[in-house]
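# Structure of the sequence below:
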Amino acid sequence: MSAVYFLLLLLPLVSAQTYHWGPCPTPKVQPGFNVEQYLGRWYEIEKLPASFERGKCIEANYAIRKDGTIRVLNTQFYKDKVRPAEGTAVIQDPREPAKLGVSFSYFTPYSPYWILTTDYTSLSVVYSCTDILRIFHIDYAWILGRSRFLPPETVRYAKELMINEGIDLFRMKATDQTGCKDN
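Sure thing, here's the model as predicted:
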């Protein structure tokens, strides 16, 4: 099977994602990342398109489980319902704790979930990228906040950081956080 034919078969699977030719960029991550400080609720401010995130009021809540893994509980309001998705995050290499792996199914491998920067109290910038045979890559990026809305200069800072690390933000869109119910 030629590479072009293979890519044509895969394109429908990635149409709601962001994909680019070539391998993933390798951005720098948060030095001295402290997972304990990162735990808790984060609200999605902006993101690159993701087929699994189509709603509004999107948030993620992180907590340590007894087995040492990190419980990831994502929620979104979609089609008149709150829709939760529970996953697991792990620090795959203790020497690089800001490079987590996340999975939302026992049947899927861990996907990269790299914290590029965080101040733990207001902003987090997260990036994920998967190479497909080093021919092209699918990437995701998120700007997260501890509150549903961040100042425009904070969002600009986050975007500039990603652009400077070689991440294409052309398709980045704001997440609708209006009219959300806090629990």
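# Can you name the residues that contact Gln76?
Gln76 makes contact with Glu53, Arg54, Gly55, Lys56, Cys57, Ile58, Glu59, Val82, Arg83 under the criterion C-beta atoms under 8 Å, 6 or more residues apart in numbering. C-beta: built from backbone N, CA, C; applies to glycine.
# Please confirm that it is located within a strand.
Yes. With the criterion set as DSSP: H, G, I helix; E, B strand; the rest coil, the secondary structure at Gln76 is a strand.
# Look at the nearest residue to it once chain neighbours are set aside and report its pLDDT.
Beyond its immediate neighbours in the sequence, the residue positioned closest to Gln76 (C-beta to C-beta, 6 or more residues apart in numbering) is Gly55, lying 3.5 Å away. Reported pLDDT at Gly55 in the predicted model: 91.
# And for Arg134?
Looking at Arg134, its pLDDT is 82.
# same question, the one 5 residues further on
Here the pLDDT value assigned to Asp139 is 91.
# Look up the residues forming beta bridges with it.
As for beta bridges, Asp139 partners with Thr18, Cys129 under DSSP bridges.
# ok, it touching Cys24?
Yes. Look at Asp139 against Cys24 with C-beta atoms under 8 Å: they come within range, at 6.7 Å.
# Give the residues shared as contacts by the two.
Overlap between the neighbourhoods of Asp139 and Cys24 consists of Cys129, Thr130, taking contacts as C-beta under 8 Å, 6+ apart.
# next structured bit after whichever strand or helix holds His20?
Of the helices and strands defined by DSSP states H and E, His20 is found in strand 18-21. Using DSSP H and E, the helix or strand that follows strand 18-21 in sequence is helix 35-38.
# Show me where this protein dips below the pLDDT cut-off.
When residues are selected by pLDDT under 70, those of the chain lie in 1-17, 183.
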